[in-house]
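Peer 1: sequence first, predicted coordinates after that:
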Amino acid sequence: MPGHPGPPEFIRLAAHPLRWRLLTELAVGDHRVRDLVAVLGEPQNLVSYHLRLLRDGGLVTARRSTFDGRDSYYRLEPDRCGDGLVQTGTALHPALQLQVAPPAPPARRRFAVLFVCTGNTARSPMAEALLRHHSGGRVDVTSAGTRPGPGRHPDAARVLRAQFDIDLADRPPQHVDAVADRRFTHVITLCDKAREACPDFSDTPRRAHWSTPEPSDEPTFQWTAADLDTRVRYLLPTLKETRP
């Protein structure tokens, strides 16, 4: 209708069946184009086209793999999706001023989550501390590395304390083999090299990858801490949907 505004951008982007499937896959974890092609059974050029539209709309982002520079990992931007839902409700009717609810804590059932990066010196222990904090200790969480470093990075502890008032556990990095006999409900790799080297956990019902660049100075540690905090908060509601 001339002069009548069309549907909000979020609806135009998310309502397409293939783009919705891409969003739901990326809501679980980060993926390369070839991963999404295999899961969705669609041609690569079609998947890439719709990923580009989602990127242009800000609903997903991409960054180059640190394992293979020819690959890129795509990730969902949940806060942008949440904002889009809020704006969509308001555009439909002023009374539908939706509010994105804060992530709920996990149920009383016990869940066990393992975070894996290469050195177990920064990213994985930071994610471990953040999940333990946000779950109020109701999640059994640990971290490990595929090639453990000599010790925890001091900037990791300093940034967690400054930004979230969280203390990082002061213990030596451990190899992922040290926890190979434990049963986890979730195994989450945090760097692209660790994703390729992480062993299989046959009893694990859910694996995910969060492609997180290795921090190198205080600003990048601050960004990493904030990014992991967002991911951990959005992980919590999904724990309720997984059988321990």
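Peer 2: Now that the structure is in, tell me what you want to look at. Residues are numbered from 1 along each chain as shown.
Peer 1: contacts, neighbours, all on C-alpha from now
Peer 2: Will do.
Peer 1: how far does the helix or strand of the chain with the lowest mean pLDDT sit from its chain's centre?
Peer 2: The weakest-scoring helix or strand in the chain, judged by mean pLDDT, DSSP states H and E, is helix 78-92 (a mean of 88). Computed by Cα atoms, centre = their mean, to the nearest Å, the chain-centroid distance of helix 78-92 equals 20 Å.
Peer 1: now for that helix, which elements pack on it?
Peer 2: Here helix 78-92 touches helix 9-14, going by 3 or more Cα pairs under 8 Å, 6 or more residues apart in numbering; DSSP states H and E.
Peer 1: off-centre distance for the helix or strand just after the helix it packs on?
Peer 2: With elements assigned by DSSP states H and E, the helix or strand that comes after helix 9-14 is helix 17-28. On the basis of Cα atoms, centre = their mean, helix 17-28 sits 14 Å off its chain's mean C-alpha point.
Peer 1: got a list of contacts for the helix or strand following helix 17-28?
Peer 2: Proceeding N to C from helix 17-28, the next assigned helix or strand is helix 33-40, under DSSP H and E. With contact meaning Cα atoms under 8 Å, 6 or more residues apart in numbering, helix 33-40 is reached by R21, L22, E25, P43, Q44, V47, S48, S72, Y73, Y74.
Peer 1: the third one - how many residues pack around it?
Peer 2: Other residues near E25 come to 18 when the count uses other Cα atoms under 10 Å.
Peer 1: show me where pLDDT drops low in the chain?
Peer 2: Residue ranges of the chain with pLDDT under 70: 1-4, 98-109, 204, 240-244.
Peer 1: list the buried residues of stretch 146-153.
Peer 2: Neighbour counts over stretch 146-153 (16 or more other Cα atoms under 10 Å) mark T146, R147, P148, G149, R152, H153 as buried.
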